[in-house]
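[1] From the sequence below, what's the structure:
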Amino acid sequence: MDIPKELRNSGLKATLPRLRVLQLFQEGKKKHLSADDVYHLLRDEHIDLGLATVYRVLMQFAAAGILSRRQFESAASVFELNQGEHHDHLVCTRCGKMEEFVDADIERRQEEVARERGFALHEHSLSLYGVCAHCNGAPA
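    Numbering: from 1, shown residues only. Sure, this is the predicted structure:
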C-alpha cells in the first residue's frame, strides 16, 4: 500500500503523524489496534499526539475506507487495515487475542439463511467468542 497516495486519494493530508499511524498497522505484529494501543505505541516513539487526536485520525481513516472499525463485545473498538477481503474473527474472552479466519461453508450458509428469510445482504460480520488454546492450557 502506498500510504501517501492512499491519503491523498482520500482527501487527507499526508502529515507525519498520519503516516506513522498507518505504518503501525502495516508493520506491526498486531493487526487489530485500539485507539489506546496506537496512542501508547506513538508515545513510546516520543510522538506527541493526544488520545483524542489519535481517535479522530483513526475515524478519518475508517471513513475514507483505509481502515475498518470493529466493535467486539466487552472490548474497545479496534481498527485494522481494510485490505478489501472479507474475514471473520475468533476472540478470546480471557486475553483478548483475535484471530482472523475465512470459511467458505459459513459464508455460503449465511447467504442461504438471509435469502430464505427474504434478505439481501449488504455486509455482515461474524465474531466467535471463546477461550484460546493458550488460555485454555491446551497446546496450540
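
[2] Would you map the helices across this structure?
    Secondary structure of the chain, counting by DSSP state H: helices at 3-9, 16-27, 35-44, 51-63, 104-116, 133-136.

[3] Turn the ones you listed into a markdown table, columns for distance to residue 88 and mean neighbour count.
    All C-beta spots, glycine's among them, are computed from the backbone N, C-alpha and C. Formatted as a markdown table, the helices of the chain follow (distance: least, CB to CB, whole Å; neighbours: other CB atoms under 10 Å):
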| stretch | distance to residue 88 | mean neighbour count |
| --- | --- | --- |
| helix 3-9 | 25 | 14 |
| helix 16-27 | 19 | 15 |
| helix 35-44 | 21 | 16 |
| helix 51-63 | 19 | 17 |
| helix 104-116 | 7 | 11 |
| helix 133-136 | 18 | 12 |
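
[4] Quick one, which of the ones you listed gets closest to residue 78.
    helix 35-44 (7.9 Å; CB to CB).

[5] got the CA coordinates for that closest one in PDB?
    C-alpha atoms of helix 35-44 as PDB (Å, rounded to 0.1, in the frame of the first residue of the first chain):
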ATOM      1  CA  ALA A  35      -7.000   4.000  19.700                       C
ATOM      2  CA  ASP A  36      -5.400   3.400  23.100                       C
ATOM      3  CA  ASP A  37      -2.900   0.900  21.600                       C
ATOM      4  CA  VAL A  38      -2.000   3.400  18.800                       C
ATOM      5  CA  TYR A  39      -1.600   6.200  21.400                       C
ATOM      6  CA  HIS A  40       0.800   4.200  23.500                       C
ATOM      7  CA  LEU A  41       2.800   3.000  20.600                       C
ATOM      8  CA  LEU A  42       3.200   6.600  19.400                       C
ATOM      9  CA  ARG A  43       4.000   7.800  22.900                       C
ATOM     10  CA  ASP A  44       6.700   5.100  23.200                       C
END
